[in-house]
Structure formats: C-alpha cells, structure tokens
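[1] got a predicted structure here, sequence first:
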Amino acid sequence: MAAEKLAQAATELGIEMKVETQGSIGAENVLTDNDVRDADGIIIAADKDVTLDRFAGKRVLSVPVADGIHRPAQLIEQVQDAPVHRGGGASGGSAGSGGGKERSAAYKALMNGVSHMIPFVVVGGLLLAVSIALGGHSTPKGIEFDKGTFWFYVNTLGGLGFKLMLPIFSGYIAFALGDRPALVPGMIGGFLAYDGMGIYGADANAGFLGAIATGFLAGYLVRWIRKVKVPKFVQPIMPIIVIPIVSTLALGMFYIYVIGRPISWVFTHLTSWLNGMTGSSAIVLGALIGVMIAFDMGGPVNKTAFLVAVGLIGTNNAVMGMAAAAIPVMPLGQGLATLLRRKLYSEQERETGIAALFMGFFGISEGAIPFAAARPAQVIPANMLGGAVAGAVAGMAGVEDSVPHGGPIVSLFGAVGGAAMFFLAIAMGTAVTALTTNALIDVKSRRERGRREAPAALVPEPVPVGVGVGVGNGGVGDGANGDAGGAGDSAGTGAAVVDSAGAAPRATAGAGAADSAGAGADANAAESSVASTATTTADRAGPSGQALPEVLAGYLTARTVKVELAAREKRAAIREMAEMLGATGNVRDVDELVRVALAREAQGTTGLGEEIAIPHAKTDAVSAPVVGFARSAEGIEWGSVDGTRARLIFMISVPEAAAGDEHLRILALLSRKLMDTGFRGRLAGAADEAAVLEVLREIQ
C-alpha cells in the first residue's frame, strides 16, 4: 500500500520515482547502483531496520510505513530537505525523520522476529493439518499415525517446523538488537522456551511469551557485552567466539535457574487451583478454561488448562469439551479478523490469516501466535475473551470430548458429544475474537492518528491581518470586520503533531484549528519558565555603539535580521531564515528546524495576508527561543488568504520544553503590532538592519 501511494503521489507531482519493496516474498523492484546514484533523495517507509550503507551521500528520509500510506506527497516534498546520510547504520534513527515518530528499536526487533517466524508457523501448521486430515485417526491418547507411513512423516516434518518456530522467533529478535553475535544465544534461549520440560525437567514450557523474553534478554545482553573494552588482540574473536559463548552461558543459566523455576511454580499452583474448580458451575469453569487456553498458546497457563482437561478424560469429558471448543478460537478468530477488516493488516498478515483459518479448523492454536506476538496488547485480550465465550457456551451445553485434541476436526472423528453446540461455541468465540481484535486495533490506530493530527498547543493559527485578532479572553477588538474582541474564545491554538508510533519521538508541530475553548484563553495568565536567548552586546548595539532595548525579550537581535532575502520561493526562504537563526548558536540542527517548519506549512499556510508571513516551529533542534525577521523585495508566494506575496517575514522557533504561553505571547505581540499599517510601512522602508531594529523596538 505504501509503495502504491508513493508511486501515485510521484506521478501526480510529475516526479520520477522507483519504489523497492521488501515484503514477505523478499525484495522486489530492487534499486540498482545507477538508480541510487541518480536519485535526488531516498525515502525509507518501513517499520523494521533497513541498512542504509548503499545510500551514503544521498538525502535520506526515514519514516514509519504508515506515513508512506497516509502522507506520500508530503514525504516527497520533505525528502528534498532531508539530511545527507554519511554512511553506516540502519534506518532506525540514523536517517532524518519526516516529523513522524520512529518505531522503537524494541518494536522493530519484535517485528523482525515475527516476520522470520511466520514461514515456520505456516509451513509447520499446514503440514500438521494436512497430515491430521488425511492420515490421522482418533485414539484415547489423541490423534495418532501409523508409524512409517507417508502421513506419519508429513506430520513429523510439520512438528519440526513448530519445533523451530520459537528458536527462530527469539533468535531474530536478538539479531535485530545485537546483530550476528546475538543470534546463537537468542535461538538457544528460544529453544529453552519451547522445550524446557525436555531439556531441564521443567513442569511447563514458557511458550512464545518466554521466547520474547529470551530474544530481548539475548539482544540487550550482547549489546552490553560489546561495550566492554578488551585488549586489541582479543577484539577479532569477540563477535565469533567470546560474545556468543559468554552470552549463551549467561542467558541459558539465568533462564534455567531464574526464569524456569517461577514458571514451574506457576504451573504447579495453577494445576492445583484448577483441579479445585472442577466442581463449580460449568459456565464459570468453561469460561476459565477458555481464558487459560487462549492466554499464551502453549505456555504454562495454556498447558495447565489443557493437561487438567486431559487428565479428566474418562471421568469428566465435559472439561475436555470446554478446552476443545476454545482451542481453535484463537487462529480462527485472527484469520476471520483479517478477512473482515483487510485494510488494518499488511499483505503478509492477510496471508498468515488464511493459513490460520486452516490451522484453526484442525485445532492448531499456534496459528495465532504471529498475531499475538506482533500486537500482544490487542490480540491476547481478544483471544481470551473469545476463548471464554467458547468455553462457557460449551460448558453450559454439556459438550464432551473423548480425545485430547481440539477444533472442528475432532467432531469429524466422532469424538465429540453434542456436536451442534460444539460448533456453535466455536463460532461464537471466533466472532467475538475477530470483532474485538479489530475494534482494539482500530482504537489504537485512531489514537495514533489523533497524535499526528490533534492539537498540541504550539502557536495559534495566525489570524489574517484586517480580519481581527483576539488575544486572551477579552482579546483585541481592532479587526477590520468589526468587533473581534471575542476571538480569544472562538479561535483556539492547535498543533498538528506528526507522531506515528514507535522509537524516540520526534514530533513536528504546527498550528491548526482547535475547538472553541482552545488556547486562545488569556495567554498572559499561564505561568512559564522559558530559557531566554543570550544576546551579545554587539547584538543589542545600535549604529553608534549605543545599547538598543531588547526586541521581543531579546529573542530577535541584529544577528536575526536580514534586509533582503536571496530566496525566491517559500521552501528556500525558510531554509535561509533557519540558517540565519543558526548563527545565534541557539539552533542545534538547522536541517531539523527546516523540516519541522515545512511540516507546519503542510498543515496550513502561515501567510497572514497583507504581505506578511510568520512561519514557526517547535522542536528540540532549538535550545532557546529565537525569532528572525527578513524582507523580500519581490515578495514570495506563501499561499496567503488574501493572495498577496509575503514581503515581511518573521520566523519563530521555540524548543519542545518551552512553556506554552511564551510563543503565544510572541505571536500575540507581533500580530497586534502588524495590524498597524504605519508600522508595516516603516518596517518595509527601513534602510538597513539597524533601522529595522529601531522600528521593531516599537513592539511592546
């Protein structure tokens, strides 16, 4: 979707673009060396790390994949001002951000593990499902195969796929965090999570949640070890011998002695507790069994419920019936969710959803693991709710199962009593899981979109000069359209924050329309503590060396005044003014300041009309508030509401930490004074920088 949106936007803008995709089937339309050499800029729209070495010397803009879908045209504009990549690293933060928040390193590592795990889940699960359907037969011990037959070996191959699933998952989480030295401890840790019972005699395996833990532990452990300074002669063998061995030993022993024992304790006590529940209400017990089955899909909680149910076969088959109804709900529900709301899922997730539906029919709950691993906060609660519904319905109806397996397939084998209610229980649980999953994902998406678009109080949207400017709750009523004294109540301050979920937050902010009770209320009432810009004696000295009064609390000085801009268009003008502000020493990153200011312009023009523009930015690229002023003799097209070209341009830049009312105060002072046609005339006619400062002294 991101590739299509970017390509469409490029076509509309008349820009030649080539888009390389890296999806579940590998890289397609790969950029050649010539493509990279001839490119004016590179846009990385991805939620995983992308190696940037091949883009050294090019302007690189790195954003979440959602930005590629939702704002492709803005990315194409922003990449023209992105910083030049100097080589090395990956897209996890070395490239410029388009104002969107980068996905965190932990999130990218998790998704790296999920993407590498999915083929093992799909292949293993489908082989198991096919072998069960065509070669399995029901026994009191479960579904079994005649040894040495074709389907026996197909089932064995499927089991091997599942056996590798968690080591791969854990290993590639670790790999994303600690590179190749972390792969071995990550995979071995994942295998401990898969088969702790067989390896060190644990009472339960930790399952996919344990694999997540070992992956992150291995990755961060390796990162920590790599920081240890060692003699030069040891350095060459560190990544291939020392780090893997030390990290594997440390992680393995920690897992066995520290993590494994609590899991065994949980398993033992859950088993005792659940056995004590078997005499309670069938609906309550069914819901409880369903919740536990759905929680961790093979972990200690799931295994407790399943083994208790298996242990009661022959004496109380109804408990196994509850478990059998809950077992397929997770993969069936997640698969159905991808069909109901396809736009919420990537192509890889939709493909996995189809496989999950197939696995769910055969009672293979692991088909839902990729979804739970990628979105645990949304998927696990939805799974648990659906499992509870399925278990409760099965318990209420007295569904029985005489084999230790679940899913619709056991009914076809004739092992289920009350088949109609069994299928109804599964259908209800599946529907609840699917609808709840999509609802929770949708809520999260809306929240993230709201953070990108919601007001965040940077600078009030400039009110066109001549229309009326309200300052505070009693505003200034000098507008040409009559009494504008209430404008403080009706026009609030809003900032459109481009913030799309993931690593270190880098927000681009700008002003936008807010609700009627916005930040227009008395700007002077709020308390603030804002670092003042240090200005030198030279900044405040007039042509004869006499000290000049501060302009705008010293934020605007001789260094930040330019009588004539060289730029002839808005983008270049903003960059020229940002570079001028950079000369004060209060701007840490000029490129970042330009990006944030341009992102604000993309939300709506800062051209006020009457030949005035006030671009502004709130960013940590600025260490203290700083204001600049420049003139353009020819005027610059700024998209002003009255169609005039901007000739008098003020640029306001404040740090993220700046208290809310300081920049409001600056804008209010400017707006109020700029309504005076005589002041604008004197400002336009001032002969040099000193004369400009003399005029600007009138701003009080």
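    Perfect, thanks for sending it.
[2] when you work out contacts or count neighbours from here on, use the C-alpha atoms and nothing else.
    Noted.
[3] return the list of helices and strands in contact with the helix or strand where residue 648 lies.
    Residue 648 belongs to strand 646-654 when assigned by DSSP states H and E. On a contact count with 3 or more CA pairs under 8 Å, 6 or more residues apart in numbering; DSSP states H and E, strand 646-654 meets strand 612-613, strand 616-618, strand 626-636.
[4] need the residues that contact it.
    577, 607, 609-620, 622-638, 640, 663, 684 (CA atoms under 8 Å, 6 or more residues apart in numbering).
[5] tell me the strands in the stretch 201-350 of the chain, going along the chain?
    Using DSSP state E, counting those that start in this stretch, no strands are assigned anywhere in the stretch 201-350 of the chain.
[6] and for the chain?
    21-23, 26-28, 42-45, 60-63, 137-139, 142-144, 400-401, 416-417, 561-562, 607-609, 612-613, 616-618, 626-636, 646-654 (DSSP state E).
[7] residue ranges with poor pLDDT in the protein?
    Within the chain, the segments meeting pLDDT under 70 span 1, 23-27, 47-49, 87-104, 203-204, 278-279, 448-550, 641, 657-664, 700.
[8] longest single helix anywhere in it?
    Taking DSSP state H as the criterion, the chain has its longest helix at helix 419-453.
[9] so residue 423 sits against residue 408, correct?
    Yes - Residue 423 is in contact with residue 408 according to CA atoms under 8 Å; the separation is 7.0 Å.
[10] which residues does residue 298 contact?
    Counting by CA under 8 Å, 6+ apart, residue 298 has contacts 205, 206, 207, 208, 366.
[11] need the contact list for the residue nearest to the third one when sequence neighbours are not counted.
    Counting by CA to CA, 6 or more residues apart in numbering, residue 207 lies nearest to residue 299, which is 4.2 Å off, once chain neighbours are set aside. The neighbours of residue 299, taking CA under 8 Å, 6+ apart as the test, are 204, 205, 206, 207, 208, 209, 210.
[12] do the same with residue 431
    Here residue 431 is in contact with 333, 336, 386 (criterion: CA under 8 Å, 6+ apart).
[13] state the number of residues packed around the last one.
    So the one you mean is residue 386. 33 (other CA atoms under 10 Å).
[14] do the same with the one 4 residues further on
    The burial count assigned to residue 390 is 37, neighbours taken as other CA under 10 Å.
[15] please apply the same query to the one 5 residues further on.
    The number of residues packed near residue 395 is 29, by other CA under 10 Å.
[16] and it, how far from residue 415?
    16 Å (CA to CA, to the nearest Å).
[17] how about the contacts made by residue 630?
    561, 562, 563, 564, 565, 577, 648, 649, 650.
[18] look up the closest residue to it, ignoring the ones flanking it.
    residue 562 (4.6 Å).
[19] now swap in residue 335 and tell me
    residue 353 (3.9 Å).
[20] any chance of the strands of the chain in CSV, plus distance to residue 200?
    Formatted as CSV, the strands of the chain follow (distance: least, CA to CA, whole Å):
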stretch, distance to residue 200
strand 21-23, 38
strand 26-28, 38
strand 42-45, 44
strand 60-63, 44
strand 137-139, 29
strand 142-144, 25
strand 400-401, 32
strand 416-417, 36
strand 561-562, 73
strand 607-609, 70
strand 612-613, 71
strand 616-618, 56
strand 626-636, 64
strand 646-654, 58
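[21] of all those, which one comes closest to residue 582?
    strand 626-636 (9.4 Å; CA to CA).
[22] can you map out the helices along the stretch 201-350 of the chain?
    For the stretch 201-350 of the chain, applying DSSP state H, counting those that start in this stretch gives helices covering 207-226, 243-254, 260-277, 282-296, 300-311, 317-326, 329-340, 347-361.
[23] out of the ones you listed, which is closest to residue 37?
    Closest among those, using CA to CA: helix 347-361, at 30.5 Å.
[24] now do the contacts for residue 368.
    330, 331, 334, 356.
[25] related to what we said a few turns ago, who's more crowded, residue 423 and residue 408?
    residue 408 (21 against 18).
[26] only whichever of the contacts of strand 646-654 are buried, select them in PyMOL.
    Filtering the contacts of strand 646-654 down to the buried ones (16 or more other CA atoms under 10 Å) takes a single PyMOL command:
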select buried, resi 577+607+609+610+611+612+613+614+615+616+617+618+619+620+622+623+624+625+626+627+628+629+630+631+632+635+636+637+638+640+663+684
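[27] for the residue lying closest to residue 582 once chain neighbours are set aside, give me its contacts.
    Spatial nearest neighbour of residue 582, excluding adjacent residues (CA to CA, 6+ apart): residue 590 at 6.4 Å. Counting by CA under 8 Å, 6+ apart, residue 590 makes contact with 578, 579, 582, 621.
[28] and residue 615, how close does it get to residue 652?
    From residue 615 to residue 652 the distance is 7 Å (CA to CA).
[29] one more: residue 393?
    Taking CA to CA, one finds residue 393 at 63 Å from residue 652.
[30] ok, those two, which is more surrounded?
    residue 393 (27 against 23).
[31] wait, that one sits on residue 427?
    No - contact criterion CA under 8 Å: residue 393 and residue 427 do not qualify, at 10.4 Å.
[32] now for these two: what residues contact both?
    Counting by CA under 8 Å, 6+ apart, nothing touches both residue 393 and residue 427.
[33] OK, contacts around residue 42?
    55, 58, 59, 60, 61, 79.
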